[in-house]
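**Q** I would like to see how this sequence folds:
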Amino acid sequence: MSSLWWEPFLVEDSHLCSLCGGLCCQAHPGLYLDPLQFLEAFDLPFSWDPEEVLRTHRLKMKTCMGVPIPMPESTEMGCVFWSPKGCVLPRSQRPLGCLMLVPKEESIFCGEPRCSLPPEVSYLECFERWRRYYKKAGIWERVLGLFPA
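**A** Numbering: from 1, shown residues only. Here you go, the predicted model:
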């Protein structure tokens with residue numbers, strides 16, 4: 001990944017995550033919180049075709065504060081990329097909403113996900129980043145037409 005704002009927040013505790021067994025993955029997929037990370041993850045051009053990319057990569061959109069944000073599809077088991085052996089996506093394609101989760105031991109003890117994003121990461125700022133990106137890429141109206149709020 002490029003050296004961008006999110007790199008200091010990439011946390012990985014593979015031991016703690018393996019003990020947890022992917023409770024966060026089973027609860028819900030993570031969001032791609034930065035458009036540049038998303039483009040890089042799937043080697044997409046700056047102005048991409050939302051319908052094609054979502055279908056090809058098993059992704060969907062979640063509208064947050066009026067802004068559609070890509071994320072993996074869900075199944076009754078949670079994230080479509082979750083398996084009992086862990087995430088089947090290569091690390092470079094995982095959503096920042098997953099990669100930045102700070103593992104918490106409480107998840108293991110209570111049996112539900114207690115991990116969270118670092119307090120310095122603002123969802124609102126991430127949503128605004130997406131809004132600015134869509135407008136700059138010239139796909140804002142198209143994305144809104146496909147995935148209304």
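**Q** host element of Pro40?
**A** Rather than Pro, residue 40 is Glu. Per DSSP states H and E, Glu40 falls inside helix 35-41.
**Q** Using CSV, write out every CA atom in that helix.
**A** C-alpha atoms of helix 35-41 as CSV (Å, rounded to 0.1, in the frame of the first residue of the first chain):
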residue,chain,number,x,y,z
PRO,A,35,-11.1,5.7,-2.1
LEU,A,36,-7.4,5.6,-3.0
GLN,A,37,-6.9,2.4,-1.0
PHE,A,38,-9.9,0.9,-2.7
LEU,A,39,-8.6,1.8,-6.2
GLU,A,40,-5.2,0.4,-5.3
ALA,A,41,-6.6,-2.8,-3.8
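**Q** and it, what does it pack onto?
**A** When contacts are defined as 3 or more Cβ pairs under 8 Å, 6 or more residues apart in numbering; DSSP states H and E, helix 35-41 sits against helix 123-137. (Glycine included, C-beta is placed from N, CA and C.)
**Q** and the helix it packs on, how far from the chain's centre?
**A** When C-alpha coordinates are averaged (Cα atoms, centre = their mean, to the nearest Å), helix 123-137 and its chain have centres 14 Å apart.
**Q** One more: stretch 26-44?
**A** Taking mean C-alpha positions (Cα atoms, centre = their mean), stretch 26-44 and its chain are 4 Å apart.
**Q** Kindly report the same for stretch 61-77.
**A** 9 Å.
**Q** how about that stretch: buried residues?
**A** Using 16 or more other Cβ atoms under 10 Å as the test for burial, stretch 61-77 gives Met61, Cys64, Val67, Pro68, Ile69, Pro70, Met71, Pro72.
**Q** just the helices in the chain please.
**A** With DSSP state H, the ranges of helices along the chain come out as 14-20, 23-27, 35-41, 50-57, 96-99, 106-110, 123-137, 140-146.
**Q** Could you provide those helices in a markdown table, with additional columns for mean neighbour count, distance to Pro90 and mean pLDDT?
**A** As requested, those are arranged in a markdown table below (neighbours: other Cβ atoms under 10 Å; distance: least, Cβ to Cβ, whole Å; pLDDT from 0 to 100):
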| stretch | mean neighbour count | distance to Pro90 | mean pLDDT |
| --- | --- | --- | --- |
| helix 14-20 | 14 | 15 | 77 |
| helix 23-27 | 19 | 15 | 84 |
| helix 35-41 | 19 | 9 | 96 |
| helix 50-57 | 14 | 12 | 93 |
| helix 96-99 | 22 | 12 | 92 |
| helix 106-110 | 14 | 24 | 75 |
| helix 123-137 | 16 | 22 | 96 |
| helix 140-146 | 14 | 25 | 91 |
